[in-house]
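> Predicted structure and sequence below. I'll ask about it afterward.
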Amino acid sequence: MTGADGLYPATAHYDMATGLGSPIATALATDLLSLPSVTRITPTSGPKAGGTLVTIIGTNFTGATVVHFGGSTATKFKVISPTEIQAVSPPRVVTAEITVTTPRGTSPAVPTASFRYT
């Protein structure tokens, strides 16, 4: 909270050089921590024609708006819980990293979320 002069009060936990400890830095950290994150998928492969039901495990999936298999959008998906999504793989011919987008942003692509088309 700011004072009547519009300035944030000085505290022992506020680093003026980095901004750490400030309400703005705290809000930014909260937003970054709430980005979706994919940690693993099962199964890890399926046919090039698509249609494989893939379970995606991670965090912060609430409100997911899209699931991507590389540059292709999942045929359909359902958020089971904040930590699980089930998605149907789209047709594709190359290995693709699965990402999840929510109103907070898109999960980073990680090797443990790679889906191999066979």
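On my side now, so go ahead. On a predicted model such as this, the values are computed, not experimentally measured, just so you know.

> Next up, the contacts around the residue nearest to the spatial centre of the chain.
Of all residues in the chain, the one closest to the mean position by CA atoms, centre = their mean is Pro36, 2.2 Å from it. Pro36 makes contacts with 58-61, 64, 100-102, 104-107, as judged by CB atoms under 8 Å, 6 or more residues apart in numbering. Just so you know, the C-beta spots here come from the backbone N, C-alpha and C atoms, and that holds for glycine as well.

> switch the cut-off to 6 Å
60-61, 100, 102, 107 (CB atoms under 6 Å, 6 or more residues apart in numbering).

> got it, and Glu84?
Glu84 touches Ile57, counting by CB under 6 Å, 6+ apart.

> Break down the protein into its strands, ranges please.
Taking DSSP state E to define them, one finds strands in the chain at 37-42, 45-46, 53-59, 66-69, 72-73, 76-81, 84-88, 96-102, 105-106, 114-117.

> circling back to that earlier point, buried among the contacts of Pro36? Make that a ChimeraX selection.
Buried residues within these, by 16 or more other CB atoms under 10 Å, are selected in ChimeraX with:
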select :60,61,100,102,107
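
> In this structure, what helix or strand scores lowest on average pLDDT?
Within the chain, no helix or strand scores below helix 23-33, which has a mean of 55 by mean pLDDT, DSSP states H and E.

> what about the closest residue to Val93 other than its chain neighbours, distance to Val110?
Leaving aside its chain neighbours, Val93 sits nearest to Lys48 (5.3 Å; criterion: CB to CB, 6 or more residues apart in numbering). Look at Lys48 and Val110: by CB to CB, to the nearest Å, they are 22 Å apart.

> who's more crowded, the two?
Val110 (15 against 11; other CB atoms under 10 Å).
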